[in-house]
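>>> give me coordinates for this.
(one chain, ligands or ions: 1)
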Amino acid sequence: MPHPQIIIIGAGAAGLVAASELERAGHRPLLLEAEDRVGGRLKTDEVDGFLLDRGFQVLLTEYPEVKRYLDLDALEVKSFRPGGHVHTRQQRFRFADPMREPAQLIRSAVSPIGTWSDKIKLARLGLRLRNKSVEECFRGFTEQRSIDYLWSLGFSEQIVERFFRPFFGGIFLEQELRTPAAMFRFIFKMFGHGSAALPAGGIEAVAKQLAGRLRQTEIRCNTPVAQVREGTVVLADGTTLDAPGGIIIACPPEKLMPQLAGGGVRWKSTSNLYFYSNRRLKENRLINLVSDPTSLINTYAVLDEVAPSYKLTQQGGSLISVTLRETVDRESQIGQAEQDLLRHSRLPNDSLQFLRHYIVRHALPDLHPVAFRQDATHSRVAKGIYLAGDHQLNGSLDAALRSGRLAAEGLLLGGG
Ligand SMILES: Cc1cc2nc3c(=O)[nH]c(=O)nc-3n(C[C@H](O)[C@H](O)[C@H](O)COP(=O)(O)OP(=O)(O)OC[C@H]3O[C@@H](n4cnc5c(N)ncnc54)[C@H](O)[C@@H]3O)c2cc1C
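This next block holds a predicted model:
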C-alpha cells in the first residue's frame, strides 16, 4: 500500500530536511517551490567570474542540526580565523580569541577592544557557555534583549561599541541588539566551539547537498501555492492538489492560511555589496568589524582568502563582501560605502570595481521571543497541517533545519 500523499510547501532548508525525514519513513512527498530553484535564502549567483552569495552568510560548523544533516567534508567548507579586525574612527587593530588561538594570548591581552575587566568577563562567559547545553543557552533568556544581558554582565561601553555591536549587529541584522539574549548565548557558544565557514561552492551548495540526497521526493519549482486547507493545496494557477497524508508549510504561512492569527512574521533586511579589488587585500582570513559610527559599513571580508573557489577564474585581485549597517537603496549610498571601504582597507583610490548590491528584504525573522524546541508539538496548526521554517524558532540555519525535522516528526507521529 503506498503511503498517502504528503505535500511540503517551500524548498528552503526547512522544506528540504522535512522531505528527507519523510523519505526516511518511506514516504514519497511532493515538494512545491515558488521560485525557479530550491534553496530559499541559501542562494549563490555566478557574476563576472565570482560566486556571490545573496547576502553575507556563514555556516557555523558547530550547529547541532548542521552536524546532523550536512556533510561538511563534501561541502569543502573553508573557515574564517577566529577573532577579527576592529576599525574605530582613529585606529584599526586585531583581536584574537585566546582560547582558540593560545599563541595570540599577548595580542588579546593588549588589544584595545575593551578593558582588562571586559577580557576577563569575556573569557568567563566563554567558559560558562561552553559547559551549557544549547537548550540551557535558550532557557530563561528568550525574552531579555541581548544588549540588556551584556549590561547585566557588566561589560563596558567600549567593548560593546567596538566588538559586540558590530559583530552581533552583523549576525542579528539589527544594531540595537534587541534580539533576545538566548540567541546571543547560542551564537556565542557556537563561535566558541566551531568555525564560521564558507562552502567551496557558495552558500547555495548547502541546499544543493540537501536536495541532491532526495531520492523519493518530487520537486516542482515555479509552483507557487496560494491557499492551504485541510488535505488540500491550491496553487496560484487555481489547480487543486490533494494531500491526504498531510501538509507541511515550510514558508511563512499567513498568506496561505489567513485564519492563522498573529499578523504574520516581521522581517529584518540587509544590504550586501560586492567589490572586486585589483590589488590583493590581505586580511588573514579575518572578518573586519567597523565600529566607526561615521561609516556605512558594518562588516567586510575578503571571501577568496577564505574560500579561493569564490573566484572562478585566475584573477589576481580580491573579492570583497561588504555588509552595511542599514539597508540602503540610493546609488549615492553605494558610492559612500565604496569610499568607506577604501578608507578602512587602505586600498588605493582606483582599485575597486563595484560588482553587485543585494538588498535582501526578508533576510531574518524579527522574533520576540525566540524558541529552541526538542519536540514537534508546537508545529501543528490544524488537522494534518504542520509549520516549518526558521520563523518558527529563531533566525538561523540551525533553526530552519530543526523546524523541518520537527514538522516531519510531528506529521509522522500525528498522522494526516
Ligand atoms: C543575508 C542573510 C544572511 C544570513 N546569515 C546567516 C548566518 O550567518 N547564519 C545562520 O545560521 N543563518 C543565516 N541566515 C538565515 C538562514 O539563511 C535561514 O535561516 C534559512 O536559510 C531559512 O530557511 P527556511 O527554509 O526556513 O526559509 P527559506 O529559505 O526562506 O525558504 C522558504 C521557501 O519557501 C518558498 N515559498 C515561499 N512562499 C511560497 C509559496 N506560496 N509557494 C511555494 N513556495 C513558497 C520560498 O521561495 C523559499 O524557497 C541568513 C539569511 C540571509 C538572507
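
>>> for stretch 231-244, list the C-alpha coordinates in CSV.
What follows is stretch 231-244 as a C-alpha-only set of coordinates in CSV (Å, rounded to 0.1, in the frame of the first residue of the first chain):
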residue,chain,number,x,y,z
GLY,A,231,-6.0,17.9,3.0
THR,A,232,-5.9,20.3,0.1
VAL,A,233,-3.4,22.6,-1.5
VAL,A,234,-4.5,25.3,-4.0
LEU,A,235,-1.8,26.5,-6.4
ALA,A,236,-1.7,30.1,-7.6
ASP,A,237,-2.9,29.0,-11.1
GLY,A,238,-6.0,27.5,-9.4
THR,A,239,-5.0,23.9,-9.6
THR,A,240,-6.1,21.9,-6.6
LEU,A,241,-3.9,19.1,-5.2
ASP,A,242,-5.0,16.5,-2.6
ALA,A,243,-2.7,15.8,0.3
PRO,A,244,-4.4,13.1,2.3
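
>>> tell me the average confidence for that stretch?
Per-region confidence: stretch 231-244 scores 98 on mean pLDDT.

>>> need the contact partners of that stretch.
4-7, 9, 30, 32, 223-228, 247, 384, 416 (C-beta atoms under 8 Å, 6 or more residues apart in numbering). Using the backbone N, CA and C atoms, a C-beta is placed for each residue, glycine as well.

>>> change it to 6 Å
Outside of stretch 231-244, the residues within contact range by C-beta atoms under 6 Å, 6 or more residues apart in numbering are P4, Q5, I7, P224, V225, A226, Q227, G416.

>>> then stretch 74-89?
The contact list for stretch 74-89, computed with C-beta under 6 Å, 6+ apart, reads 92-97, 100, 162, 195-200, 205, 285-292, 306-307, 344.

>>> so which bits of stretch 17-37 are buried?
Buried positions in stretch 17-37, judged by neighbour count with 16 or more other C-beta atoms under 10 Å: 17-23, 27-34.

>>> which regions of the stretch 151-300 of the chain sit below the pLDDT cut-off?
261-263 (pLDDT under 70).

>>> if we use 90, what do you get?
Counting by pLDDT under 90, the stretch 151-300 of the chain has low-confidence residues at 192-193, 258-265.

>>> enumerate the residues of it near the ligand.
P224, V225, A250, C251, T270 (C-beta under 6 Å from any ligand atom).

>>> if we use 8 Å, what do you get?
Within the stretch 151-300 of the chain, the positions adjacent to the ligand are 171, 173, 196, 203, 207, 223-226, 236, 250-252, 255-256, 270, 272 by C-beta under 8 Å from any ligand atom.

>>> what segments of the stretch 251-400 of the chain are strands?
Using DSSP state E, counting those that start in this stretch, the strands of the stretch 251-400 of the chain run over residues 267-277, 287-290, 297-302, 318-324, 352-365, 380-382, 385-387.

>>> sheet partners, orientation included, of the second one?
Partner strands for strand 287-290, per DSSP bridges, with pairing direction: strand 84-87 (parallel), strand 297-302 (antiparallel).

>>> identify the residue spatially nearest to G83, adjacent ones excluded.
A96 (4.1 Å; C-beta to C-beta, 6 or more residues apart in numbering).

>>> could you report the neighbour count for the one you found?
22 (other C-beta atoms under 10 Å).

>>> now do the end-to-end distance for stretch 313-329.
End-to-end distance of stretch 313-329 (C-alpha to C-alpha, to the nearest Å): 30 Å.

>>> and the contacts of the helix or strand hosting K208?
If you go by DSSP states H and E, K208 is part of helix 204-212. For helix 204-212, contacts defined as C-beta under 6 Å, 6+ apart pick out L16, V38, G39, L42, K43, T44, L75, P199.

>>> rerun at 7 Å
Residues from elsewhere that reach helix 204-212 (C-beta atoms under 7 Å, 6 or more residues apart in numbering): 13, 16-17, 20, 38-39, 42-44, 59, 69-71, 74-75, 199, 219.

>>> okay, and which of those map to helices?
The members of the contacts of helix 204-212 that map onto helices under DSSP state H are A13, L16, V17, S20, Y69, A74, L75.

>>> neighbours around the closest residue to the first one other than its chain neighbours, how many?
This points to A13. In space, and not counting its chain neighbours, A13 is closest to A400: 4.1 Å by C-beta to C-beta, 6+ apart. For A400, the neighbour count with other C-beta under 10 Å is 28.

>>> again, but for the one 5 residues further on
Using other C-beta under 10 Å, R405 has 20 other residues around it.

>>> show me where the stretch 201-350 of the chain has its helices.
Secondary structure of the stretch 201-350 of the chain, counting by DSSP state H, counting those that start in this stretch: helices at 204-212, 303-306, 331-345.

>>> what would those helices look like in JSON lines with mean neighbour count?
Formatted as JSON lines, those follow (neighbours: other C-beta atoms under 10 Å):
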{"stretch": "helix 204-212", "mean neighbour count": "21"}
{"stretch": "helix 303-306", "mean neighbour count": "22"}
{"stretch": "helix 331-345", "mean neighbour count": "17"}
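
>>> what about the stretch 301-416 of the chain, any weak spots by pLDDT?
314-316, 329-332, 374-378, 414-416.

>>> return the residues of it in contact with the ligand.
Within the stretch 301-416 of the chain, the residues that sit near the ligand (C-beta under 8 Å from any ligand atom) are 358, 360, 362-364, 388-392, 395-400, 403-404.

>>> tell me which residue of the stretch 101-250 of the chain lies closest to the ligand.
V225 (3.8 Å; C-beta to the nearest ligand atom).

>>> residue in the stretch 51-200 of the chain nearest to the ligand?
Per C-beta to the nearest ligand atom, G55 is where the stretch 51-200 of the chain lies closest to the ligand, at 2.1 Å.

>>> measure that residue to L32 for me?
Separation of G55 from L32 (C-beta to C-beta, to the nearest Å): 24 Å.

>>> follow-up on the earlier one: report the buried members of the contacts of helix 204-212.
13, 16-17, 20, 38-39, 42-44, 59, 69-70, 75, 199, 219.

>>> ok, the residue nearest to E46 when sequence neighbours are not counted - contacts?
Excluding its sequence neighbours, the residue lying closest to E46 (C-beta to C-beta, 6+ apart) is L312, at 6.7 Å. Residues in contact with L312 (C-beta under 7 Å, 6+ apart) are E46, G49, F50, L51.

>>> before we move on, the earlier item: what residues are up against the residue nearest to A13?
For A400, the contact set (C-beta under 7 Å, 6+ apart) comprises G12, A13, A14, G389, D390.

>>> repeat that for 6 Å
Neighbours of A400 in contact, by C-beta under 6 Å, 6+ apart: A13, A14, D390.
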